[in-house]
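# what shape does this take:
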Amino acid sequence: ASKTSSSSATPASSKGLSILPRNFRSSQLLHNFSSCRTIRYNTDIRLGTTPFAGVDTENTVFELPPGNYSFPFHITLPGSIPETVESMKSVSIVYRFESKINALDPAKTAGSSDDGTTFTAHKYVRVIRTLSSLQLALNEDFLAENSWACKLQYKIRIPRKLVPVGSMLKIYLLIIPIMKQLKLGKITVQIAQYLKFHSSKPNEFGEKTFTDEKIVYQKSLPVVPHSHLPQDVWALEARLPTSDMLKNCSPDVETASHLISVKHKLIIFINLVNPDGHISQIKSKIPFGFYIKPNSRIYGKNVEINKD
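As a prediction, this is how the structure comes out:
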């Protein structure tokens, strides 16, 4: 479960305000204002504290002097809550905190039809799910190996199957050429992002499951001259800087009941120049995942949420 802290700052009027405890409805309190205990604060309240601390709020109103006030609070989010999804065009999950303070002007007469003033503040909140210590301990490397009869053997390894967003992705290539005069050509690396989500309403074709694929990273590695490679084994290493902007690449997502699923694959194209000059190509797909590392610097979208 994740714990989130926030605060709400509300400017009071020059005449002062009476702040109503949450368990009161202002319409009821107005009609019984004279029977309630009023606690008046004549001095400033230190920012970050609350006048409700240690006070029985039953049948009590708090009259505060003019100024700005901060009412800190914290909530614990359920561990099953799905994380924010904001980098997809076709589907998204966003969260908004809404804080309301009901304020009553003590100058209003009892029985007034005026129900007081409600101050409302909204704040976009991004919910991030990271790896547990057990998942980090089990985050092992991944090895893909294969052979091409009478031509070569190859191995492709990544040190970790789960990679932090915005970090450096390392790739190790080991190629053992069997065919004489075989040369290494261009190597291209892609990261593909796969989206799958289910809708309660079918589209015009009667489908309720939607899929989308997007290339979120592509780079051609520098060509290594053949004279710089030994004849028996070609060992190469590549380091790819992944994007630290969530609008470009989302972390892996798997919500409850598989309503939304986001996964990634590393795709490597290796061109081989045969002795007769024609080009052969190795294509390898390696599944891996992105996650958000705590305290890492990432950049999200500036999200505007309808307040109505």
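
# can you map out the strands along the stretch 201-308 of the chain?
209-221, 234-241, 253-254, 260-273, 279-291 (DSSP state E, counting those that start in this stretch).

# TSV please, covering these and showing mean pLDDT and mean neighbour count.
All C-beta atoms are positioned from the backbone trio N, CA, C, and that covers glycine. Shown next, in TSV, are the strands of the stretch 201-308 of the chain (pLDDT from 0 to 100; neighbours: other CB atoms under 10 Å):
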stretch	mean pLDDT	mean neighbour count
strand 209-221	91	13
strand 234-241	93	14
strand 253-254	90	19
strand 260-273	94	19
strand 279-291	94	15
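
# let's have these in TSV, adding distance to Trp148.
Shown next, in TSV, are those (distance: least, CB to CB, whole Å):
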stretch	distance to Trp148
strand 209-221	20
strand 234-241	14
strand 253-254	35
strand 260-273	8
strand 279-291	7
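
# minimum distance to Gly166: which of the ones you listed has it?
Closest to Gly166 of these, according to CB to CB: strand 234-241, at 8.2 Å.

# ok, back up a step: to His228, which of the strands of the stretch 201-308 of the chain lies closest?
Of those, nearest to His228 by CB to CB is strand 234-241, at 9.9 Å.

# what's the offset of stretch 192-205 from the middle of its chain?
Its chain's C-alpha centre and that of stretch 192-205 lie 21 Å apart, by CA atoms, centre = their mean, to the nearest Å.

# show me what it is in contact with.
88, 90-91, 208-216, 249-250, 257-265, 267 (CB atoms under 8 Å, 6 or more residues apart in numbering).

# one step back: so which of the strands of the stretch 201-308 of the chain gets nearest Cys150?
strand 279-291 (11.7 Å).

# can you list the residues that contact that closest one?
129-131, 142, 144, 146, 148, 151, 154, 156, 158, 160-165, 185, 242, 249-252, 263-274.

# helix, strand or coil for Leu136?
helix (DSSP: H, G, I helix; E, B strand; the rest coil).

# please name the nearest non-neighbouring residue to Glu145.
In this structure, Glu145 finds its nearest non-sequential neighbour in Lys155, 4.3 Å apart by CB to CB, 6 or more residues apart in numbering.

# ugh, wrong one, Gly185
Per CB to CB, 6+ apart, closest to Gly185 is Asn271, 3.2 Å.

# where along this structure do the helices fall?
Secondary structure of the chain (DSSP state H): helices at 26-31, 133-137.

# out of the ones you listed, which gets the lowest mean score?
Mean pLDDT across the helices of the chain is lowest at helix 26-31; the value there is a mean of 39.

# can I get stretch 153-163 in CSV? Just the C-alpha atoms.
Extracted in CSV, the C-alpha atoms of stretch 153-163 (Å, rounded to 0.1, in the frame of the first residue of the first chain):
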residue,chain,number,x,y,z
GLN,A,153,25.9,-19.2,-33.8
TYR,A,154,24.8,-16.3,-31.7
LYS,A,155,23.9,-15.3,-28.1
ILE,A,156,22.1,-12.1,-27.0
ARG,A,157,22.0,-11.3,-23.3
ILE,A,158,20.6,-8.5,-21.2
PRO,A,159,21.7,-8.3,-17.5
ARG,A,160,18.2,-7.6,-16.2
LYS,A,161,14.7,-8.5,-17.5
LEU,A,162,13.3,-5.5,-15.6
VAL,A,163,14.8,-2.1,-16.4
